[in-house]
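Student: Sequence and predicted structure below; questions after.
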Amino acid sequence: KVRFEDVESMISFGGLTVSKNYFVLDDPLRLSPFITLTAYHDFAGDIDATMTIDQNSANPIVLPVTTKRLQTYGEASIGMNLLSLTGKIGGAERLMVGSVRGDFQFGEDVVGGAVTAQFRMQF
């Protein structure tokens, strides 16, 4: 059995994004490439827990467990946003929105990455 103390996070962050809009096909299509740099810091303390082994015996073993926070880490992102008005479909113009981005997280105790894509069309 593992029992955690109350867990809280106090994360602050700051970032900078640089982006530019490009209008294509006489303005109904907008492409916006971007790059973002973000720094995160968790001001909360480490996470404490206790692990009890053989809890139903007369002499259970209770071990303290502590998990260290990531403290400060960064993220670099690069991607592209899309915004477009279609031609008329069913008598009305439709809005299309999409994006693709790659994220890379880095720090003393973290290295990772992700790729995200989304697309929506208004009906």
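Tutor: Happy to help now that I have it.
Student: Pull out the buried positions in the top strand by length along the chain.
Tutor: The longest strand of the chain (DSSP state E) is strand 72-89. Going by neighbour count (16 or more other C-beta atoms under 10 Å), the buried part of strand 72-89 is 73, 75, 77, 79, 81, 83-84. C-beta coordinates here come from the backbone N, C-alpha and C atoms, glycine included.
Student: Just name the closest of those to residue 116, please.
Tutor: residue 79 (8.1 Å; C-beta to C-beta).
Student: Show the backbone phi and psi for residue 91.
Tutor: Dihedral angles of residue 91 (phi, psi; degrees, to the nearest 10) stand at phi 90, psi 0.
Student: Make a markdown table out of the buried residues of strand 72-89 and add distance to residue 95 and pLDDT.
Tutor: Shown next, in a markdown table, are the buried residues of strand 72-89 (distance: C-beta to C-beta, whole Å; pLDDT from 0 to 100):
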| residue | distance to residue 95 | pLDDT |
| --- | --- | --- |
| 73 | 36 | 93 |
| 75 | 29 | 96 |
| 77 | 24 | 97 |
| 79 | 19 | 98 |
| 81 | 13 | 96 |
| 83 | 8 | 92 |
| 84 | 7 | 90 |
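Student: Mind putting those residues into TSV with distance to residue 26?
Tutor: Shown next, in TSV, are these (distance: C-beta to C-beta, whole Å):
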residue	distance to residue 26
73	44
75	36
77	30
79	25
81	19
83	15
84	12
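Student: if we can go back for a sec, for the longest strand of the chain, name the packing helices and strands.
Tutor: strand 29-42, strand 92-107 (3 or more C-beta pairs under 8 Å, 6 or more residues apart in numbering; DSSP states H and E).
Student: Tell me which helix or strand comes right after the last one, heading toward the C-terminus.
Tutor: Which is strand 92-107. With elements assigned by DSSP states H and E, the helix or strand that comes after strand 92-107 is strand 111-121.
Student: export that next one as CSV, just CAs?
Tutor: Output of strand 111-121 as CSV, limited to C-alpha atoms (Å, rounded to 0.1, in the frame of the first residue of the first chain):
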residue,chain,number,x,y,z
VAL,A,111,14.4,15.2,-21.9
GLY,A,112,11.4,14.5,-24.1
GLY,A,113,9.4,15.6,-27.1
ALA,A,114,6.0,15.5,-28.8
VAL,A,115,4.4,16.1,-32.1
THR,A,116,0.8,17.4,-32.2
ALA,A,117,-1.5,18.0,-35.2
GLN,A,118,-5.1,19.1,-35.3
PHE,A,119,-7.7,20.0,-37.9
ARG,A,120,-11.2,21.4,-37.5
MET,A,121,-13.8,22.5,-40.1
